[in-house]
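Colleague: predicted model follows, preceded by the sequence.
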Amino acid sequence: MNLDDVRETKKKKIQKRYIFRIIILGILVAAVVFALVSNSKKDNTIYKVGDQAPDFTLQQINENNELEQVRLSDFKGKGIMLNFWATFCKPCEAEMPYMQELYPEYKDKGIEIIAVSLDTTELVVNNFIDKYDLTFPIPHDQKGTSRDLYKVGPIPSTFFIDPEGKIVEKIDGALTLDRLEGYFQEIMPES
């Protein structure tokens with residue numbers, strides 16, 4: 001191999017590296033553009049007091065309640081306490097007996113409690129339901145769709161929704177019996 005052949009081979013290698021680097025750069029630019037476009041299309045809406053509560057449908061797993069699935073819009077005309085919780089959450093566990101204590105009375109007055117479980121397995125939720133003999137609807141949000149829709153951060157998180165479907169109050173943290181009754185008065189349908 002003479003000197004000209006070596007130079008030509010070296011030149012071709014440099015050209016191949018240059019083309020390879022251009023291709024890699026193009027792929028990286030395409031990935032960044034894709035990420036930016038994808039994130040710009042996500043629903044980043046954070047629902048607050050006064051907004052219409054977004055609708056969702058989830059499978060209901062509480063055998064002590066006759067509903068098979070929970071669709072929020074099916075409860076239009078009722079006041080709704082929409083609670084996001086999990087069995088591992090001690091404040092969630094603390095408020096559950098209060099919710100069950102008030103449920104029979106306020107259900108007859110037009111208020112529905114919907115306690116969305118964010119647990120990963122249904123078995124732990126069923127054991128929890130049995131432990132506290134809960135009778136209100138408990139939809140299971142195993143995939144986190146309603147949690148993402150409502151942008152729930154800390155749990156428990158509770159949305160109080162009036163009979164027209166508007167969010168009246170959002171509370172992060174556990175509720176006491178007195179506070180629950182106070183919020184129920186705000187969302188109770190007019191007789």
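Modeller: Now that the structure is in, tell me what you want to look at.
Colleague: in what helix or strand does the most centrally placed residue in the chain lie?
Modeller: Central residue of the chain (C-alpha atoms, centre = their mean): residue 147, 0.6 Å from the mean position. Using DSSP states H and E, residue 147 maps to helix 145-149.
Colleague: quick one: residues in contact with that helix.
Modeller: 43, 54, 56, 58, 84, 116, 118, 139, 141 (C-beta atoms under 8 Å, 6 or more residues apart in numbering). Just so you know, the C-beta spots here come from the backbone N, C-alpha and C atoms, and that holds for glycine as well.
Colleague: tally of neighbours for residue 187?
Modeller: Neighbour count of residue 187, defined by other C-beta atoms under 10 Å: 22.
Colleague: can I assume it is in contact with residue 166?
Modeller: No - Residue 187 lies out of contact with residue 166 (C-beta atoms under 8 Å); the separation is 9.6 Å.
Colleague: now do the strands in the chain.
Modeller: Along the chain, the segments classed as strands by DSSP state E run 57-59, 69-71, 79-85, 111-117, 157-161, 167-172.
Colleague: compare the ones you listed and give me the one nearest residue 23.
Modeller: Closest of these to residue 23 is strand 57-59, at 45.3 Å (criterion: C-beta to C-beta).
Colleague: so which residues of this protein form helices?
Modeller: 3-41, 90-107, 122-132, 145-149, 177-187 (DSSP state H).
Colleague: so how far is the first one off the chain centroid?
Modeller: Between the mean C-alpha location of helix 3-41 and the chain-wide mean there is a distance of 41 Å, by C-alpha atoms, centre = their mean, to the nearest Å.
Colleague: any idea of the mean pLDDT in that helix?
Modeller: Model confidence over helix 3-41, given as mean pLDDT, is 83.
Colleague: report all helices and strands that it contacts.
Modeller: For helix 3-41, there is no helix or strand it packs on, judged by 3 or more C-beta pairs under 8 Å, 6 or more residues apart in numbering; DSSP states H and E.
Colleague: buried residues in it?
Modeller: Using 16 or more other C-beta atoms under 10 Å as the burial criterion, none of the residues of helix 3-41 qualify.
Colleague: could you do the last one as well?
Modeller: Within helix 177-187, the residues scored as buried using 16+ other C-beta under 10 Å are 180, 183-184, 187.
Colleague: and the furthest pair within these?
Modeller: Among the buried residues of helix 177-187, 180 and 187 lie farthest apart (C-beta to C-beta), at 11.0 Å.
Colleague: list residues touching both of those two?
Modeller: Residues touching both residue 180 and residue 187 (C-beta under 8 Å, 6+ apart) are residue 81.
Colleague: for the protein, which spans come out with low pLDDT?
Modeller: 1, 38-45, 191 (pLDDT under 70).
Colleague: circling back: just the buried ones from the contacts of helix 145-149?
Modeller: Neighbour-count burial (16+ other C-beta under 10 Å) applied to the contacts of helix 145-149 gives 56, 58, 84, 116, 118, 139, 141.
Colleague: was I right to think the fifth one contacts residue 83?
Modeller: No - counting by C-beta under 8 Å, no contact exists between residue 118 and residue 83, whose distance comes to 10.5 Å.
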